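**Q** could you look at this predicted model? Sequence included:
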There are 2 protein chains.
Amino acid sequence: MVKKKSPNKASSLQEAGAHRARVTSYDVAAHAGVSQSAVSRCFKPGASVSKKMRDRVMKAVQELGYRPNAIARGLITRRSNMVGVVVSNLNFYPEVLSELNKRFIARGVHVLLFSLDQESDVGSILEQMWQYPLDGVIAAAHLAPEQIAMFEERGVPLIFYNRSYQDVPVSSVCCDQTEGERMLVSQLAASSTHKLYGIVAGPKDSVVSMQRTEGAKQRLAELGVTDVQVVPGDYTYESGRRAVSRLVEVCGRVPDAIVCANDMMAMGCMDELRFKHDLDVPGDVSVVGFDGVKAASWASFNLTTVAQPVESMAEAVVTMLLERVDNPEMPPEKRTFSGVLRAGGSIRR
Amino acid sequence: MVKKKSPNKASSLQEAGAHRARVTSYDVAAHAGVSQSAVSRCFKPGASVSKKMRDRVMKAVQELGYRPNAIARGLITRRSNMVGVVVSNLNFYPEVLSELNKRFIARGVHVLLFSLDQESDVGSILEQMWQYPLDGVIAAAHLAPEQIAMFEERGVPLIFYNRSYQDVPVSSVCCDQTEGERMLVSQLAASSTHKLYGIVAGPKDSVVSMQRTEGAKQRLAELGVTDVQVVPGDYTYESGRRAVSRLVEVCGRVPDAIVCANDMMAMGCMDELRFKHDLDVPGDVSVVGFDGVKAASWASFNLTTVAQPVESMAEAVVTMLLERVDNPEMPPEKRTFSGVLRAGGSIRR
DNA sequence: ATGAATATTGCATTCGAAGTCATTCAGGGT
DNA sequence: ACCCTGAATGACTTCGAATGCAATATTCAT
């Protein structure tokens, strides 16, 4: 009749293979001869526990190798201390992921990783995310407005990393793509007089590419250059190589200044120009990129580019997310960082 | 007296801001007018549920936007469907992480990420891991024997990725470093007669570097070359560049064949030789790497290297780990894959 | 020493889903 | 109409830790 609680008596086989059963707070409690609550409190900063109790519990904790189960804790505290990070293609964001993870871990938060092969299956990724009680999510991928709305509905803070949504009230941390591209073009124009400009854009559906490309066109127009050909790429090295041929097709000849929407493609361009067209960069053609990836600074490329302030951006996005986890009422906020012009030697002078 | 269960009645404000309260199986049950058990069963494949019941429940699920809470489920099933992945430095393993994550997700398992800045704080990373009921762990980092033992004690399957421990009964999936390096040296020797060989190793404490370096020395010895200088690096591009100077110091001149413990350093070497020493690669000096990273195949480098079969290795490690999750009694197993020689154009002929 | 105020402690309940077990229901055979 | 069988369903408990509240122990002032 009266329900009998039989907490879990694994303490009997503790010495033998500590194997199998995880040590729980009940095990520790039994071992120390106190209540489970007491054990729990010993792990809660600022809880009311006497020194004697704490010592006793900690001794048992040591002896049994107990660690509080973060998952069980999250169930009741409604704080999983886990955030989701969605990246569209891991290869593009190694440093970013590294920076984010490092910072989250430093604040006791862990990262559950979600990656997209082709951006197509975002839906299924979200389905999976809803199964976890994530405290928040950082997205370095494109989401549809309805998908963004679901986060709002479910009360899960969401922040975009380097993706901006105009007119949509959602938080984001971005690098100022337009401004950066304008700096690059200004630099190009200041160093030498180029006769023909070509632009290698990213995928048509990439907002970032659009902003960078527009920035370049804008600034060129201001400088009086309006006849500019744009060919699309997909952010990869290979597409950068192919882009050169495409530019030749649409321009009739090789441009003497190529603005690429990212560093990877810029390096592809340089290699194609040098090894396929036997041209010199920067002697014959100037090339600029965007992002400031490691390889761009290697001697072989020494690419002039605009570096994203990855550390600042990572710090900002982590801070913003955790702020919103603590205070769900905070309104969306968009933060934009300026890129840093990294003058290399890929511009003719 | 009789305890009154008041399950959670949020169903009242469902229409208004679905906000705040997560939808639980109780909410669905109430909405559909069935028991919570019924809802649970509808999500368990092969459970005994009538079509009528299933339809009714699913309708409520749709209307409320319910998703089972994977965390709560894991608590009782003792299967979190989460695995930990530890990498020593994210920048070194982007493709690997991507491959692993993709494969785990395809099997309904999610990855909790742990990264090390300097391999020093492995201890604290482990402390954090013990807080999660991970089904298993993949480590692409070095662990001390005592640390490895803890996994055994706690019954958490552990598999090393590309780290081997001789004489320690622990599972691992590796690329055959020695064999690969021997292939490279054979290739070097077959293509041209080199007068002076130099080796750029990895950090002294890296087993992988040791194996690669030993493989190279071994094969060189077999070919009658015994006077070989080895200088250490740290796997980065910059250390590859520095290594050239170090080789010059210890050899008295620039070697005409340099074997690097990985591609990054090989590319650093090439750049240093070309841009600092004004030498031609492969005309004056042959350089080989190891790993088969993307950049190595770029036209600027066209590096001859041995590629790790990342996809096969990732598939193997994921399979092995999940096998051991299902069957904890499986004994440790070490799998070694052969690298694939990727002949580029960095060897003199 | 005594009562009030404060600090510790334990009990019972809760988080969300799943498993156990007993009960109920539908269908089939006679 | 009646019994039997297997399927369908619900009540209750469990996983591991945290917490409100009540019970108990200390401390302090008087």
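**A** Great, that's in hand.

**Q** am I right that A:Val137 is in contact with A:Val83?
**A** Yes: under the criterion of Cβ atoms under 8 Å, A:Val137 makes contact with A:Val83 at 6.3 Å. In this view, the C-beta of every residue, glycine as well, is placed from N, C-alpha and C.

**Q** quick check on the closest residue in space to A:Tyr93 that isn't next to it in sequence: phi, psi?
**A** Leaving aside its chain neighbours, A:Tyr93 sits nearest to A:Val87 (5.0 Å; criterion: Cβ to Cβ, 6 or more residues apart in numbering or on different chains). Here is the backbone geometry of A:Val87 (degrees, to the nearest 10): phi -120, psi 140.

**Q** contacting residues for A:Val87?
**A** Contacts of A:Val87 were listed using Cβ atoms under 8 Å, 6 or more residues apart in numbering or on different chains, and they are A:93, A:96-97, A:113-116, A:140-141.

**Q** by neighbours, which of those wins?
**A** Highest neighbour count within those: A:Leu97, with 27 neighbours (other Cβ atoms under 10 Å in any protein chain shown).

**Q** got the contact list for A:Asn81?
**A** Counting by Cβ under 8 Å, 6+ apart, A:Asn81 makes contact with A:70, A:74, A:108-110, A:135.

**Q** at 10 Å instead, please
**A** With contact set as Cβ atoms under 10 Å, 6 or more residues apart in numbering or on different chains, A:Asn81 has these partners: A:70-71, A:73-74, A:104, A:107-110, A:134-135, A:325, B:131-132.

**Q** check the gap between A:Met210 and A:Gln218 for me.
**A** For A:Met210, the distance to A:Gln218 (Cβ to Cβ, to the nearest Å) stands at 12 Å.

**Q** the one residue in the stretch 201-349 of chain A that gets nearest to DNA strand C in helix, strand or coil?
**A** Proximity of the stretch 201-349 of chain A to DNA strand C (Cβ to the nearest atom of the strand) peaks at A:Pro328, 15.3 Å away. When classified by DSSP: H, G, I helix; E, B strand; the rest coil, A:Pro328 comes out as coil.

**Q** can you tell me the closest non-neighbouring residue to it?
**A** Spatially, and ignoring its direct neighbours in sequence, A:Pro328 is nearest to A:Gly155 (6.1 Å; Cβ to Cβ, 6+ apart).

**Q** was I right to think that neighbour contacts A:Val137?
**A** No: with contacts counted by Cβ atoms under 10 Å, A:Gly155 stays clear of A:Val137, the gap being 11.7 Å.

**Q** neighbour count winner among the two?
**A** A:Val137 (22 against 13).

**Q** walk me through which strands the helix or strand encompassing the more buried one pairs with, and which way each runs.
**A** A:Val137 belongs to strand A:136-140 when assigned by DSSP states H and E. Sheet pairing of strand A:136-140 (DSSP bridges) gives strand A:82-87 (parallel), strand A:158-161 (parallel).

**Q** where do the strands sit along the stretch 51-200 of chain A?
**A** A:82-87, A:110-115, A:136-140, A:158-161, A:171-175, A:197-201 (DSSP state E, counting those that start in this stretch).

**Q** packing partners for the second one?
**A** This points to strand A:110-115. When contacts are defined as 3 or more Cβ pairs under 10 Å, 6 or more residues apart in numbering or on different chains; DSSP states H and E, strand A:110-115 packs onto strand A:82-87, helix A:94-106, helix A:122-130, strand A:136-140, strand B:82-87, helix B:94-106, strand B:110-115.
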